[in-house]
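>>> Here is my input; please provide its structure:
(one chain, ligands or ions: 1)
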Amino acid sequence: MSEIVVLCEHQNEKIKKTSLELLSKAHDLAGQLSGKVIALFIGTGMEPLVSELGLYGADSAVLAEHSLLDRYNTLGYAQAVCQAVEQFKPSILLGTASPLGKDLFPRVAARLKTGLASDCTDIRLEGGKLIASRPVYSGKAFVDVVFNTPLQMATTRPNSFPIKTLETGKTAKVVRLNLNLSSLRCPMKELGQGETGRVDLTEAEIIVSGGRAMANADNFKILREMAQVIGASVGASRAAVDSGYAPHDMQVGQTGKVVNPKLYMACGISGAIQHLAGMRTSKVIVAINKDPEAPIFGKADYGIVGDLFTLVPLLTQEFKKLLAE
Ligand SMILES: Cc1cc2nc3c(=O)[nH]c(=O)nc-3n(C[C@H](O)[C@H](O)[C@H](O)COP(=O)(O)OP(=O)(O)OC[C@H]3O[C@@H](n4cnc5c(N)ncnc54)[C@H](O)[C@@H]3O)c2cc1C
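Sure thing, here's the model as predicted:
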């Protein structure tokens, strides 16, 4: 009962970075429990994905392969996860707090009649039991969640843990799950993909966001230029989105996306509580604002008081020089 199952998300024949982070964390936890890490894959054509898994600490890979699951399907995935749990009886089940994880895990928890700590920023063990730390009240406080069910389930935010590779990788044993999906009522026929080539904000390591101060959609190009140089994704405040300067999928905050990057640069954003709710767990926050009293400075690690239309192009030039060295 010391197995840890990690649901690994994959896209375009690659394991998502967020799942590698979680495998690394699971490897640490399994070491403390003298347990094993099982990487669970759901979908089709996953065999090539498992060759490097051992490097990230997985002891085995369980493939739940089925033609009806070549695209994400809530009911089918829930069945696959529940079946894996029944078969391997783990003490811990982990997933990413991605759109997929947020949709899937509550259903799995209900089916398995077990507790779920969702959207956590840290997990650890105390006395062999999982403790999951998650933000509450729009990120103003953190609670430690403990479980009173044998299965302990948590989803964690992207960028919460570093990816560690083992010096001597193991070879993960491959096990196939015999899935019976005859009762699947709603197979997914089609999944549309947005045109953007950007890393989704929820997974981005660096985000440059613009607020109402951007004044129009065209002005976002100075943020895109900086983002391109430093490998960032571009976000926006709700005021910028509501004003039509940026699409809603770029909105960060309570009614937008919750992000957890290593670096968040807020440009011309005042720092309203609803914006902070979406980005306050960022590791480093930099604010550029011409008002020295702007509330964002109360949350920022580094603040620059000045006009963003002067400062952002200057920073872009400096980043270019530094990165060229
Ligand atoms: C229920 C609810 C949900 C909400 N959800 C969200 C959400 O998900 N995300 C979100 O962001 N907001 C959300 N809001 C809105 C939120 O309350 C704020 O109105 C919004 O975040 C303000 O956006 P802003 O900081 O871009 O604009 P403002 O508050 O207008 O701030 C603009 C800032 O730009 C600075 N500035 C102006 N010109 C320049 C310049 N040239 N250079 C540098 N700085 C300059 C100003 O000093 C100011 O601080 C929500 C509100 C409600 C009621």
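
>>> Just give me the neighbour total for the closest residue to the ligand within the stretch 101-250 of the chain.
Proximity of the stretch 101-250 of the chain to the ligand (Cβ to the nearest ligand atom) peaks at Gly211, 2.4 Å away. From N, CA and C alone the C-beta is placed, and that goes for glycine too. Here the count is done by other Cβ atoms under 10 Å, and Gly211 has 29 residues near it.

>>> Read off the pLDDT value for the nearest residue to it once chain neighbours are set aside.
Among residues not flanking Gly211 along the chain, Ile269 sits closest, at 3.5 Å (Cβ to Cβ, 6 or more residues apart in numbering). On the pLDDT scale, Ile269 is placed at 98.

>>> Now Ile269: which helix or strand?
Following DSSP states H and E, one finds Ile269 outside all helices and strands.

>>> List the residues that contact it.
Going by Cβ atoms under 8 Å, 6 or more residues apart in numbering, Ile269 touches Ser209, Gly210, Gly211, Arg212, Ala213, Ser237, His275, Ala287, Asn289, Ile296.

>>> Name the member of these with the most neighbours.
Ser237 (32 neighbours).

>>> Contacts for the helix or strand of the chain with the lowest mean pLDDT next, please.
Using mean pLDDT, DSSP states H and E, the weakest-scoring helix or strand in the chain turns out to be strand 10-11, at a mean of 90. The set of residues external to strand 10-11 that reach it, using Cβ under 8 Å, 6+ apart, is Lys16, Ser19, Phe41, Gly43, Met46, Leu49.

>>> Can you list the strands that it pairs with?
Using DSSP bridges, strand 10-11 pairs in its sheet with strand 14-15 (antiparallel).

>>> Run a quick check on Ile38 versus Pro90, I expect a contact.
Yes - the pair Ile38 / Pro90 is scored as a contact, 6.8 Å apart, by Cβ atoms under 8 Å.

>>> tell me, what's touching these two both at once?
Jointly contacting Ile38 and Pro90 under the rule Cβ under 8 Å, 6+ apart are Glu3, Ile4, Val5.

>>> Next, the nearest residue to the first one once chain neighbours are set aside: secondary structure please.
Beyond its immediate neighbours in the sequence, the residue positioned closest to Glu3 (Cβ to Cβ, 6+ apart) is Pro90, lying 4.1 Å away. Secondary structure assignment for Pro90 (DSSP: H, G, I helix; E, B strand; the rest coil): coil.

>>> Could you count how many residues lie near Pro90?
Neighbour tally, Pro90, other Cβ under 10 Å: 24.

>>> shaky segments in the stretch 151-300 of the chain?
Flagging of the stretch 151-300 of the chain using pLDDT under 70 yields the residue ranges 169, 194-197.

>>> for the ligand, what are the nearby residues on it?
By Cβ under 6 Å from any ligand atom, the residues of the stretch 151-300 of the chain that approach the ligand are 211-213, 237-240, 251-256, 268-270, 272, 274-275, 278, 288-291, 294.

>>> taking those residues one by one, which sit in helices?
Arg238, Ala239, Ala240, Gln274, His275, Gly278 (DSSP state H).
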